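Sequence isn't available, so here's the structure alone:
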């Protein structure tokens, strides 16, 4: 693990031109009115100063063009192991600093903008960071209706995902889960929630093995394309060097030989790239002759991918046999975690008791994680603690678990609505969790007592229209 180092962090505080007595509250902090240039005002950035000035100028233009609100640039020094962590720590310290000023005014609206700047002290490698997450071209809803059982949880989960303070994110995420019927204590259902999450994980992890395989294949092609581009560049440089030398030069022969060698290497790299493209195109065509995907390369029927991972049977159709052979070849070509996952899932599905063991292991892991979140939430809500060891990672985990819960609950209510199952659509979220927990236990028992896992219905594993173990053998 890297040692702790000093990092400079700069943030824009929107809502004021100046924070009075800033240095007494945060000794390492400096500030600059956004109506002025930070040049000669902020010290300690060294070789990173030019990027700080450009960051300030871009922020000033943005403020003038869009919000037209007062703003100031705040810089501070923090101790961290990497630049990204330093920016998160810096944003937290400034955010907590603003608690003082908001309390001093009550009606003031002071907040950090989404962009921050960070760099190690003494280094010119300075980068900007966005506090907001990724964007999407088209946003899709969780469901195409408004299940009354999920509305409060949807709101809390959204707030948790967009809140900056880690402990607040944990509290809001837990509130979202409580809105879904999660309770702790003698009448609690945390273990049932852990079992339902383990069941959903089985589906998601098997689906993930497909996407990891595709990404690994794309990465191999990208590396081969980069190698070919580098070889072509070396060839151009070698040819140019040979052409610049006079015909009677004693170096002419050596440079021409180098150019020929570079041309040969470029040809080999091109041939390797074309071979990879051709092989992957043929193998993926064989695979997708059985496994259908949509325009976003998402599996249309997850059970088709499951069929390929299962052991071969006499009744398998020709397309399935060819797809399984293509996947075996692909598994030998891709590297790293993608190849390991493919091999692991083939082994687990051939010995279903290993899948049952994995379900129990996941259940225990989710249970311990949920217990930790509940303890952290209590520290935040009841004792006012706003900082604990590992709170950033805990916040990410809390939001992810709330999202995961909404994922399979949303699927349950959406399928129930679409198929006209009014009885299932009317179930409370607590009842759905208990139903899926019971389903997990039955599937784990079946995996331990039956010789194979062919009845596993992965496409409808957490659906109200199946019990997850009802595919025809």
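Arrived safely. These numbers were taken from a predicted model, which means no experiment stands behind them. Residues are numbered from 1 along each chain as shown.

what's the weakest-modelled helix or strand in the chain?
Ranking every helix and strand in the chain by mean pLDDT, DSSP states H and E puts strand 126-130 at the bottom, with a mean of 85.

so residue 28 touches residue 77, yeah?
Yes. Counting by C-beta atoms under 8 Å, residue 28 does reach residue 77; the two are 4.3 Å apart. Bear in mind the C-beta positions are built from the backbone N, C-alpha and C, glycine included.

Let me see the ranges of the helices in the stretch 101-250 of the chain.
151-162, 166-179, 190-244 (DSSP state H, counting those that start in this stretch).

now those in CSV, with mean neighbour count?
Formatted as CSV, the helices of the stretch 101-250 of the chain follow (neighbours: other C-beta atoms under 10 Å):
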stretch, mean neighbour count
helix 151-162, 18
helix 166-179, 24
helix 190-244, 18
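
on that earlier part again, list the buried residues for the least confident helix or strand of the chain?
126, 129 (16 or more other C-beta atoms under 10 Å).

starting at the chain centroid, how far to it?
Strand 126-130 has its C-alpha centroid displaced from the chain centroid by 19 Å (C-alpha atoms, centre = their mean, to the nearest Å).

Also stretch 177-189?
Using C-alpha atoms, centre = their mean, the mean C-alpha position of stretch 177-189 is found 27 Å from that of the whole chain.

How about stretch 357-370?
21 Å.

Just the buried positions in that stretch, please.
Those would be 358-359, 362-363, 366-367, 369-370, for stretch 357-370 by 16+ other C-beta under 10 Å.

Looking at the helices of the stretch 101-250 of the chain, spot the one closest to residue 376.
Nearest of those to residue 376, taken as C-beta to C-beta: helix 166-179 at 5.3 Å.

list the helices and strands the closest one packs on?
helix 151-162, helix 352-382, helix 391-418 (3 or more C-beta pairs under 8 Å, 6 or more residues apart in numbering; DSSP states H and E).

hang on, the earlier thing: tell me which strands the least confident helix or strand of the chain pairs with, and in which orientation.
In the sheet, strand 126-130 lines up against strand 111-120 (antiparallel) (DSSP bridges).

Which pLDDT value belongs to residue 134?
Per-residue confidence for residue 134 comes out at a pLDDT of 65.

Sorry, slip of the keys, the one I care about is residue 1.
At residue 1, pLDDT is 59.

go on, residue 40?
According to the prediction, residue 40 has pLDDT 65.

cool, residue 401 as well?
Looking at residue 401, its pLDDT stands at 96.

surely it meets residue 180?
No. Using C-beta under 8 Å, residue 401 is not in contact with residue 180; the gap is 10.9 Å.

what sits against residue 100?
Shown in contact with residue 100 (C-beta atoms under 8 Å, 6 or more residues apart in numbering): residue 25.

what secondary structure does it sit in?
Here residue 100 is recorded as helix under DSSP: H, G, I helix; E, B strand; the rest coil.

Kindly provide the distance from it to residue 110.
10 Å (C-beta to C-beta, to the nearest Å).

Next: residue 98.
5 Å.

okay, and the common contacts of the two?
Joint contacts of residue 98 and residue 110 (C-beta under 8 Å, 6+ apart) are residue 13.

The residue nearest to residue 255 when sequence neighbours are not counted: what's it in contact with?
Nearest non-adjacent residue to residue 255, counting by C-beta to C-beta, 6 or more residues apart in numbering: residue 242, 4.0 Å away. By C-beta under 8 Å, 6+ apart, residue 242 lies in contact with 252, 255-256, 258-259.
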